[in-house]
Each structure stands twice: as C-alpha cells, then as structure tokens.
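*Asks:* next come a sequence and a model predicted from it.
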Amino acid sequence: MCNSAKCPLRRRKYPPGMHGPKQGNVRLTEYGSQLRMKQRLKRTYGLAEKQFRKFFENAARSKGDTAENLLKMLELRLDNVVFRIGMAETRPQARQIVNHGHILVNGVNVDIPSYSVKVEDVISVKESKKGKPYFVTTFEKVGKQTVDWIMWDRTKLEARVVNTPDLEQAKQQCDIRQVVEYYSR
C-alpha cells in the first residue's frame, strides 16, 4: 500500500480524470436524483432496463400503492428469495444458483431467476445437490439471517414464504417514491 498523496488506491470524493476535482459540489436536479434512485434500485436487484420497466408497469396496473407493489414484486423474485434465505451471499450468486437449476419450488425444478414466488410456496435445493460441499456449509448458516416473511425449516432443509414481504427493510435502501415519480413523467 502506498502512502503518497497521489496513490491510485486512495478513495477521493470526486471522479477521476482532468475534470474531476474542479466540479466541486454540483447539486443534482430533481430529475437527476430520481434517475439515480431508479438506477440504484435496478442495480440492486440486478435487472435490465426493460425488465425493470415491465415490473413498474405491472405495479402501476395492480391495485394499491404503486411503490409498495413494485417493491413486493422485486422482493418476491426467486433469486431475491434465495438471497434473503441466506443460500447465497450476494444476489448475483443467488441468480447463478437458480440459473444452474439447483432450486426447487414446490418440488418442481425452476431455473428462471425472475420467477415470481407466491405466498405458501416451498423453496428447497435438489436432493442430488444437498450433499455438495457448498450447500453443506450453506445449510449451517441458513436460518440465522432470514427475514420474517420467510420461514426456514431446519429438519427438511426448505424454506416457506409465509406472507408478503416486509417492505421496511427494502425501503431503507432507497427512496422508492422517487422511482415512481421518475416513471410518472
């Protein structure tokens, strides 16, 4: 680790390049902050722009608060549920586990990360994969960090979605109202 003022590994409060430090405190416009929130939410759940827009349109069409509907839809994606259970350390890792066909939903193999999980669905790992070293170590950790809307059964090594997601945890990440305002333009 270098100790000089010009160390490339040191974090700076401005972007790199010749125009970086000159900008100072540039205030974001309302549109800019809305765009940033949308991008943050989109990247958090690992979605493409087209996918994210479809989620928003479905949330806007369904009854109730659009912001809460959008968050519920995003939280109930299969890759996110696998992440929330604790079978993966990150959402991209959860997406890969689902893509590789290791996950069963109600006893049926599902390899689509965007699959929408419903209340009372049972999520488990294939019997042939339960003995693999990754899942053996993962099952020891699972259950300690689960959210209250998912119930983990240690004896059967499966999770059940008991009710709709608690949105307080997801609302802390970003201001979902700004995302709704962005798409309402």
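*Replies:* Cool, got the structure.

*Asks:* which strands and helices lie in contact with the helix or strand bottoming out on mean pLDDT in the chain?
*Replies:* Of all helical and strand segments in the chain, the minimum by mean pLDDT, DSSP states H and E falls on helix 168-171, at a mean of 72. Contact here means 3 or more C-beta pairs under 8 Å, 6 or more residues apart in numbering; DSSP states H and E; on that basis helix 168-171 packs against helix 66-75. C-beta coordinates here come from the backbone N, C-alpha and C atoms, glycine included.

*Asks:* after the helix it packs on, next one along is what?
*Replies:* helix 78-85 (DSSP states H and E).

*Asks:* just checking, what packs against that following helix?
*Replies:* helix 66-75, helix 91-99, strand 103-105, strand 122-125, strand 150-153, strand 158-161.

*Asks:* now for the longest helix seen in the chain, which elements pack on it?
*Replies:* Under DSSP state H, the helix in the chain containing the largest number of residues is helix 30-44. Counting contacts by 3+ C-beta pairs under 8 Å, 6+ apart, helix 30-44 packs against helix 49-61, helix 176-183.

*Asks:* please identify the most buried of the ones you listed.
*Replies:* Among those, ranked by average contacts under mean count of other C-beta atoms under 10 Å, first place goes to helix 176-183 (a mean of 19).

*Asks:* no more questions from me, cheers.
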